[in-house]
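1. Sequence first, predicted model second:
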Amino acid sequence: MTGTVRSIRIAARSGFCYGVREAIDAAMLAGREGRTATLGAIVHNEGANERLRAAGVGRIEAIDEAPDGSTVVIRAHGTTPAVRAAAAARDLTVIDGTCSWVTAEHREMERLVASGATIVLLGTPGHPETVGLLGYAPNAIVVDEESEWAEKITPRKRMALISQSTQPPWKFERLAAYLAARAHELTVINTVCPVTIRRQADTVEMARSVDAVIVVGGKSSANTKELVRLVAEIEGKP
């Protein structure tokens, strides 16, 4: 694409959500007070993680990598009860940077497990948020792309649907409809983050009124990937 850029628009709701901002701020503050490391990347954004490294905040991938007496920051995506128990057993200082929305998901998971329903989790396998959710419901059925639903989901009497917070709203709605035809009793807990929903709506609206869209974000971020997909879909329409 060539030519002169006459104007640049910035999406109404851009930048980190409140959950990520709080987690980064907590890690920065803890880093000033001593040996601190985040458990995994605090957010899927290399620029933010580099700023933390520059501020002296390290990074570990497993709780047993934390030095004795150190501080560990739980990432915004959350973690499992087993990891929290391991940190407590070692008497590590733990700062919980879990997004409040994800914490609410964990509580919903516990409630669904207690209900005895077969749980279907719409989530990306291996994503840290999905891993954390499975820590509360290890027997949940994890599905992602629509092509795998028929293979993984068989009709059951009682089923429940819950979602990784950054899943696309349209996919959650489609899966809910799919399960409704395969369960006598279906509980639907919509845990798609409202910030995610609004940001995607802003992106679609803007993509329809400009010549080109640049999505700035981490390449491994589920949010970034979905925004890119939405823009490509709009640009591909006549």
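-> Arrived safely.
2. where are the low-confidence patches of this structure?
-> 1-3, 237-238 (pLDDT under 70).
3. for it, what's the longest helix?
-> helix 100-115 (DSSP state H).
4. Name the residues that touch that helix?
-> 19, 76-78, 119, 129, 132-133, 136-137, 140, 158, 160, 162, 165, 187, 189, 191, 193 (C-beta atoms under 8 Å, 6 or more residues apart in numbering). In short, each C-beta sits where N, CA and C put it, glycine included.
5. those strands in the protein, which residues are they?
-> Secondary structure of the chain, counting by DSSP state E: strands at 36-39, 58-60, 71-74, 93-96, 118-122, 141-143, 156-163, 183-188.
6. What is the third one packed up against?
-> If you count contacts as 3 or more C-beta pairs under 8 Å, 6 or more residues apart in numbering; DSSP states H and E, strand 71-74 packs onto helix 18-31, strand 36-39, strand 93-96.
7. Might you report the residue contacts of the closest residue in space to V43 that isn't next to it in sequence?
-> Counting by C-beta to C-beta, 6 or more residues apart in numbering, V43 lies nearest to V20, which is 4.9 Å off, once chain neighbours are set aside. The contact partners of V20, by C-beta under 8 Å, 6+ apart, come to 42-43, 48, 76, 99.
8. tell me how far stretch 106-117 is from the chain's mean position?
-> Distance of stretch 106-117 from the chain centroid (C-alpha atoms, centre = their mean, to the nearest Å) equals 19 Å.
9. Tell me how far S209 lies from A12.
-> 13 Å (C-beta to C-beta, to the nearest Å).
10. what does A82 give?
-> Applying C-beta to C-beta to A82 and A12 gives a distance of 40 Å.
11. same check, this time on W101
-> For W101, the distance to A12 - C-beta to C-beta - is 20 Å.
12. more crowded one of these two?
-> W101 (19 against 12; other C-beta atoms under 10 Å).
13. Which residue comes closest to T79 once chain neighbours are left out?
-> G132 (5.1 Å).
14. try M206
-> Using C-beta to C-beta, 6+ apart, the closest residue to M206 is A11 (5.7 Å).
15. Would you agree the one you found is in contact with T203?
-> Yes. Assessed by C-beta atoms under 8 Å, A11 is found in contact with T203 at 6.2 Å.
16. the more surrounded of the two?
-> Legend: neighbour count by other C-beta under 10 Å for A11 and T203, higher for T203 (22 against 17).
17. Quick check: that one vs T196, distance?
-> For T203 relative to T196 (C-beta to C-beta), the value is 11 Å.
18. for V83, same thing?
-> On the measure of C-beta to C-beta, V83 and T196 end up 25 Å apart.
19. try P81
-> 25 Å.
20. again with V142
-> For V142, the distance to T196 - C-beta to C-beta - is 19 Å.
21. Can you add distance to S220 and mean neighbour count and give the strands of the chain back as a markdown table?
-> Listed next are those as a markdown table, based on distance: least, C-beta to C-beta, whole Å; neighbours: other C-beta atoms under 10 Å:
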| stretch | distance to S220 | mean neighbour count |
| --- | --- | --- |
| strand 36-39 | 15 | 24 |
| strand 58-60 | 14 | 17 |
| strand 71-74 | 19 | 25 |
| strand 93-96 | 23 | 16 |
| strand 118-122 | 19 | 23 |
| strand 141-143 | 18 | 20 |
| strand 156-163 | 19 | 20 |
| strand 183-188 | 29 | 15 |
